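Student: below are the sequence and a predicted model; questions follow.
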Amino acid sequence: MTAAVGSASIPEPALAPEDLEALGRGIARFNDGLFFECHDTLEEVWAGVRGPSREFFQGLIQASVGFYHLGNGNRPGAATLLRRALARLERYPGCYAGVDLARLRASLGEWLAALESGSPWPSAVPPRIEAAEEAR
């Protein structure tokens, strides 16, 4: 399956079963607030990925590290990593690799805006990485 973005198409990542399982495990860790562990898990997958989906994994990793920094009170580090994550994830369609990227990007953008402005957090808990409707 190929996802269209503007005039370019980005193919879905071709992942081995163990990498698909690791992606699911990394997402579960993110959603459980285990951001360091999410980073470690997704980095294992990212290290073996080549091609256009590589930045997708790097963006997810950067989002997890951003929330890890936030949990440690490092607001500037969190903002930097969330900004980088959004920049990497913006080239992908709203649904990619079974992830609702449109929702994730919107949530990350809200958290980044709050970090940059000093506003209250948009939620009491960090965003979740949700499955895309197409993947359910």
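Tutor: Structure received.

Student: do a quick rundown of the strands in the chain.
Tutor: Remark: strands assigned in the chain by DSSP state E are 2-5, 8-11, 95-96, 99-100.

Student: nearest spatial neighbour of residue 125, chain-adjacent residues omitted?
Tutor: In space, and not counting its chain neighbours, residue 125 is closest to residue 33: 7.5 Å by C-beta to C-beta, 6 or more residues apart in numbering. (Each C-beta comes from the backbone N, C-alpha and C, glycine too.)

Student: in this structure, which ranges drop under the pLDDT threshold?
Tutor: Across the chain, the ranges flagged by pLDDT under 70 are 1-8, 134-136.

Student: contacting residues for the residue nearest in space to the middle of it?
Tutor: The chain has residue 60 as the residue nearest its centroid, 2.7 Å off, counting by C-alpha atoms, centre = their mean. Residues in contact with residue 60 (C-beta atoms under 8 Å, 6 or more residues apart in numbering) are 26, 27, 30, 38, 42, 85, 89, 99, 129.

Student: what's the closest non-adjacent residue to the third one?
Tutor: Once its chain neighbours are removed from consideration, residue 30 has its nearest residue in residue 38; the separation is 4.2 Å (C-beta to C-beta, 6+ apart).

Student: okay, now that neighbour: neighbour count?
Tutor: Neighbourhood size, residue 38 [other C-beta atoms under 10 Å]: 26.
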